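Enquirer: coords below, sequence missing:
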């Protein structure tokens, strides 16, 4: 299983970024895919997930600003992030294979990517 995130970078507050995660090594269309974020030395936060049937769920902190989507033909999951705030600054991971209902660390997933840095700053 391989997950490769891309699309991070530096953006001003109020700006937008689109993260991508290319997946391989498993039947992508059958799996729930997650986005989570980590601030080094600080907390882990689950951000969003999309089920195999396309159902989407979001953390309250990003609801209305972030949109998760998937393209099963491309084995890719996306995270469109709008109205970005400085507190969105983090390393963003895509992941799959949650070991429990409430994930609290990246280790609660079987598989995750290397992460992509998002920095929101003026």
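Expert: Ah, there it is. The structure presented is a predicted model; accordingly, all values stated were derived computationally and were not measured. Numbering: from 1, shown residues only.
Enquirer: distance from the strand or helix carrying residue 111 to the middle of the chain?
Expert: Element membership for residue 111 (DSSP states H and E) is strand 109-112. On the basis of CA atoms, centre = their mean, to the nearest Å, strand 109-112 sits 12 Å off its chain's mean C-alpha point.
Enquirer: and that strand, what's buried?
Expert: Using 16 or more other CB atoms under 10 Å as the test for burial, strand 109-112 gives 109, 111, 112. Heads up, the C-betas are built off the backbone N, CA and C, glycines and all.
Enquirer: what is the nearest of those residues to residue 59?
Expert: Residue 59 has its nearest neighbour among those in residue 109, at 15.7 Å by CB to CB.
Enquirer: check contacts around that closest one.
Expert: By CB atoms under 8 Å, 6 or more residues apart in numbering, the contact set of residue 109 is 34, 36, 95, 96, 97, 98, 99, 103.
Enquirer: repeat that for 7 Å
Expert: Going by CB atoms under 7 Å, 6 or more residues apart in numbering, residue 109 touches 95, 96, 97, 98, 99, 103.
Enquirer: what separates the fifth one from residue 106, distance-wise?
Expert: The one in question is residue 99. Applying CB to CB, to the nearest Å, the value for residue 99 to residue 106 is 11 Å.
Enquirer: the two: who's more crowded?
Expert: Using other CB atoms under 10 Å, the more surrounded residue of residue 99 and residue 106 is residue 106, with 17 against 9.
Enquirer: all good on my end, thank you.
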